[in-house]
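*Asks:* Quick one: sequence and predicted model below, then my questions.
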Amino acid sequence: MALPKYTEPHYRIWHYFYLLICGCVFFFLIAPLFVIFPLSFNAEEFLVFSDGMKRLDPDAFSLRWYKDMIYGTKNPWGLAARNSFIIAIFATLGSIILGTLAALGLSSRHMPYKGLIMAILISPMIVPLIISGVAIFFFMAKVGLAATHLGIILAHIILGTPFVVITVTATLSGFDHSITRAASSLGSSPYNTFMKITLPLILPGVISGGLFAFVTSFDEVVVVLFLAGLDNTTIPIQMWTGLREQLSPTILAVATCLIILSVLILLTAELLRRRSERLRGINR
Amino acid sequence: MSSETGKILTTDGIPLEESLKQAEKKNKIKAFLLVAPLLLFLIITYMIPIGDMFSRSIDDKMVTNMLPKTYKAMENWDGKELPPEEVFEAFYLDYKILVKNKTAGKLQTQLNYEKNGFKSVLKKLARKQKKFEEGNYKEQIMKVHKRWRNVEYWRAIKRRAPSYTYSKYLKGIDMYSNEDGKIVQVSEDRRIHRILWIRTVEVAFFVTLFCFLMAYPIAHLLETLPMKYSNLLMICVLLPFWTSLLVRTASWMILLQQQGIVNDFFVWTGLVADDNRPEMMYNKTGTYVAMTQILLPFMVLPLYSVMKTISPSLMRAGKSLGATPAVAFFKVYFPLTIPGIGAGCLLVFILAIGYYITPALVGGASGTLISNQIAYHMKSTLDWSFASAMGLMLLTGVLAIYWIYNKLVGVDNIKLG
């Protein structure tokens, strides 16, 4: 956004000042993430840049903490990673199924009490997590699902469905219902219509809602802190414990892996968003 | 058309109007059935437990369960003079069981809340009652301690009777109801909860403000830049958004520690002396900095999605009509972004007011918020009813903000990405 030649000097100054502010904010947003990267290769145990690292001495860098993460003695990360993935995958599937069905119902113009029901369905997103945690813990303790995988999965379905409901409802808002009517008039069964017409069209919305649900579950710590026993420890729980007790560089190695995972998720989400916009012919 | 033309019939001979109504009803049921699984699931696993929190927060059956016979006998006692022999006998029997089961301590504490000095009287009774003879318990109990002759103590037991209480809520705002049933404040050095509430609102407010001040310029820049640049910069917003909260908190812990990079930078610029590095973590500063960075994307995204819908020709029109860029901005552009500002501020404020993880890790003692207190009572003191009461107070606050927002702007404006 080059300025036109006729711009007055004080606007020119203001413009550069504005760009400087924006630069600072972007730096503030993204820079903290890049601290973790080099420090996770630190050969020493301290969480500061050693003199060797500042000189870029190769001896100051090592894969020590990555090895510790994978092969370390009494290493909690393997179990935590497995639990995290199992819980997140099932929670995502549950959220997608329940959320998509609900979104289909909600976008029908025949739906009664739409406002109230929508409010209930997205309430887990609005209610502070700590309160959700307490309430869900009471429920799970009562039905005997505390400290079980199933209990945590159900809890994460509760927290994940609002995202699916919102993204799928948004996708359906641009949906041309005459296509499904056309399919029905040509003799297609409702199930067939859904699988062959509706689902492919709303799929980007479903998947991006699913991504939100996955990330919510994978990153969730407040509710799991209440629910988890020793066998259901997850990556966030381990990180939480580590950060509270002693900040070891192993945590930074794990954090680096998590950042790489989030880059992958971000790329997927962006691709989906573009595809969805192209499919629906929206050029915003 | 007049009604005399008769009703239009379908091929089945049913009036069209009725047939349409039936079809409508069928569609309604169909739509509802799609929503029903999730709705039921959430009601059972989420809404009812939140209601359960309420009943827990006012539940106070502990003392009533400990002294069942006493309260039964007290039903006929008017509380003006000393209670009759039956009450004494019932109390003796109830208390004997408690002493035998070694649960008398709880009763002693609870009744001591109600009337100071009850604990020692009860302890003495526990020792002496082993030698009690059958019959005439009134005399025997009154002989143990002269306070048993004071009707005030018996009234205190009776006052403790209701099986529900709002004392947990009073405790949440540092108040309690004293012996005369009046609601008074706790002594000044014990008023911790009010400080926490004020701090929580203060942190949430300033974090929202900082987020707004930082997000507005960059959302505007993202919207005005050509696609290929703005997509690149958008990653700077989205990458933190998708990154684990704990990872981001960890990075702030590294940055803000005393030997950390931020302090190194301050020393390098000469702002602070090397031996006098400021403490930036484990206090409010840490909470502010980390929470602002973590919640910033939640402000940028709604602002950006609203700004994208504003046509640039509006600003040009304003300028061509003689407005300076500043006037055009404040009169034309800014008012149009208000829905985005509202959505962003609501989102950030609601998230900030219930924040738990970041304050717990970087907040230290002076930077913890009300959520930390709730978690503390859930996990450490196990006073679940107090945790429930505080949780519901927080929830009421959040819902009130949400309701006001809905009245002012409308919730439909909330968008994700």
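*Replies:* The structure has been received and is ready for your questions.

*Asks:* State the number of residues packed around B:N178.
*Replies:* Neighbour count for B:N178, taken as other CB atoms under 10 Å in any protein chain shown: 12. C-betas here are computed from N, CA, C, even on glycine.

*Asks:* what sits against residue 60?
*Replies:* No chain specified, so I'll use chain A. For A:A60, the contact set (CB atoms under 8 Å, 6 or more residues apart in numbering or on different chains) comprises A:N42, A:A43, A:E44, A:S50, A:D51, A:G52, A:M53.

*Asks:* To clarify, I was referring to chain B.
*Replies:* Applying CB under 8 Å, 6+ apart, the residues near B:D60 are B:P162, B:S163, B:Y164, B:T165, B:S167, B:S385.

*Asks:* hang on, the earlier thing: counting only helices, which of the contacts of A:A60 make the cut?
*Replies:* A:D51, A:G52, A:M53 (DSSP state H).

*Asks:* what separates the last one from B:K26, distance-wise?
*Replies:* Right, the one you point to is A:M53. Per CB to CB, to the nearest Å, A:M53 is found 70 Å from B:K26.

*Asks:* Among these two, which residue is more densely surrounded?
*Replies:* A:M53 (18 against 11).

*Asks:* for chain B, what's the longest helix?
*Replies:* helix B:193-224.

*Asks:* Tell me which other helices or strands it touches.
*Replies:* helix A:9-39, helix B:227-242, helix B:284-307, helix B:338-353, helix B:370-376 (3 or more CB pairs under 8 Å, 6 or more residues apart in numbering or on different chains; DSSP states H and E).

*Asks:* three-state assignment of B:A365?
*Replies:* At B:A365, secondary structure determined by DSSP: H, G, I helix; E, B strand; the rest coil is coil.

*Asks:* Three-state assignment for the residue lying closest to it once chain neighbours are set aside, please.
*Replies:* Once flanking residues are discounted, B:A365 sits nearest to B:Y282: 7.5 Å by CB to CB, 6 or more residues apart in numbering or on different chains. Classification of B:Y282 using three-state DSSP returns coil.

*Asks:* Now do the same contact list for residue 48.
*Replies:* Since you didn't name a chain, this refers to chain A. A:V48 touches A:L39, B:Q257, B:Q259, B:G260, counting by CB under 8 Å, 6+ apart.

*Asks:* look at chain B instead
*Replies:* B:I48 neighbours (CB under 8 Å, 6+ apart): A:F139.

*Asks:* What is the burial count for residue 9?
*Replies:* Picked chain A for this. Neighbours of A:P9 using other CB under 10 Å come to 7.

*Asks:* look at chain B instead
*Replies:* 13.

*Asks:* ok, then the element right after whichever helix or strand A:I130 is part of?
*Replies:* According to DSSP states H and E, A:I130 maps onto helix A:129-142. The helix or strand immediately downstream of helix A:129-142 is helix A:149-173, counting by DSSP H and E.

*Asks:* on that earlier part again, out of the contacts of B:D60, which are inside helices?
*Replies:* Reading helices off these with DSSP H, I get B:S167, B:S385.

*Asks:* where does B:T103 sit relative to B:N65, distance-wise?
*Replies:* Taken as CB to CB, the span from B:T103 to B:N65 is 10 Å.

*Asks:* wait, B:N276
*Replies:* 59 Å.

*Asks:* Comparing these two, which shows the higher neighbour count?
*Replies:* Ranked by neighbour count (other CB under 10 Å), B:N276 and B:N65 place B:N65 first, with 10 against 7.

*Asks:* Find the nearest non-adjacent residue to B:W252, please.
*Replies:* Nearest to B:W252 is B:A290, by CB to CB, 6+ apart, at 4.2 Å.

*Asks:* circling back: which of the residues in the longest helix of chain B are buried?
*Replies:* Using 16 or more other CB atoms under 10 Å in any protein chain shown as the test for burial, helix B:193-224 gives B:193, B:196-197, B:199-201, B:203-204, B:206-208, B:210-212, B:214-216, B:218-223.

*Asks:* domain parsing for the chain?
*Replies:* In the absence of a named chain, this looks at chain A. For chain A, the structural domains run A:9-66, A:80-245, going by automatic domain parsing.

*Asks:* Can you look at chain B instead?
*Replies:* According to automatic domain parsing, the ranges for chain B are B:3-58, B:62-163, B:193-413.

*Asks:* so of those, which one's packed in deepest?
*Replies:* domain B:193-413 (a mean of 19; mean count of other CB atoms under 10 Å in any protein chain shown).
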